[in-house]
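Asker: Give me a model of this one.
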Amino acid sequence: MEILTALQWAKKGFIPNEGAKGTKQWTNCFYSAKAVYFKDSEVHEDKDTAKAILFAKRKEYRDVAKKREEKRIKNAVYREKMKTQWQWLQEGRIPNDNARWEVGEELNKIFCTCAYGSNYCYCHERYTHEPKNDEEMQKAIFDFHKNGNSWV
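Answerer: The predicted model follows:
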């Protein structure tokens, strides 16, 4: 007597009978999730419907994976535009006075990465501007050397 979930039965070409209740059981010995299991007396063979169920599950999985990948790419693009004051100065951009600064340790937690130095402060590209002239750039570099990588 086999006891399997509806998806496991579908992989074998069977689907649960109409009105079959099944029994709710733990899925593994770690008690992390429960699933409804059906006995072999509660299912019948229907290869076409089983194939449709499997196709729908795979499509659902692909859609979720696609959304996850889009989110990962979006976060990566955002992350690439977060730089320290010195990095912005090297690229010829000056952080605005009202720039939002974030500590690297917090960014590492948000993006689940170790890409940011913990003690450095980062701001996004949208909080920077290109200098109007060389004097403004020189003043920004001088201020950086005087104050360091502080946002205060």
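Asker: so where does the residue positioned nearest the centre of the chain fall, helix or strand?
Answerer: The chain has Arg72 as the residue nearest its centroid, 4.9 Å off, counting by C-alpha atoms, centre = their mean. Taking DSSP states H and E as the definition, one finds Arg72 inside helix 47-80.
Asker: what's the answer for Ala99, then?
Answerer: Using DSSP H and E, no helix or strand contains Ala99.
Asker: in stretch 53-61, what counts as buried?
Answerer: By neighbour count on 16 or more other C-beta atoms under 10 Å, the buried set for stretch 53-61 is Ile53. Any C-beta I mention is one placed from the backbone N, CA and C, and that applies to glycine too.
Asker: For it, list the C-alpha coordinates in CSV.
Answerer: In CSV, the C-alpha atoms belonging to stretch 53-61 read as follows (Å, rounded to 0.1, in the frame of the first residue of the first chain):
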residue,chain,number,x,y,z
ILE,A,53,-1.3,18.9,-13.3
LEU,A,54,2.5,18.4,-13.7
PHE,A,55,2.6,21.0,-16.5
ALA,A,56,0.8,23.6,-14.4
LYS,A,57,3.1,22.9,-11.4
ARG,A,58,6.2,23.4,-13.6
LYS,A,59,4.8,26.6,-15.1
GLU,A,60,4.0,27.9,-11.6
TYR,A,61,7.6,27.1,-10.5
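Asker: Right, I'll leave it there.
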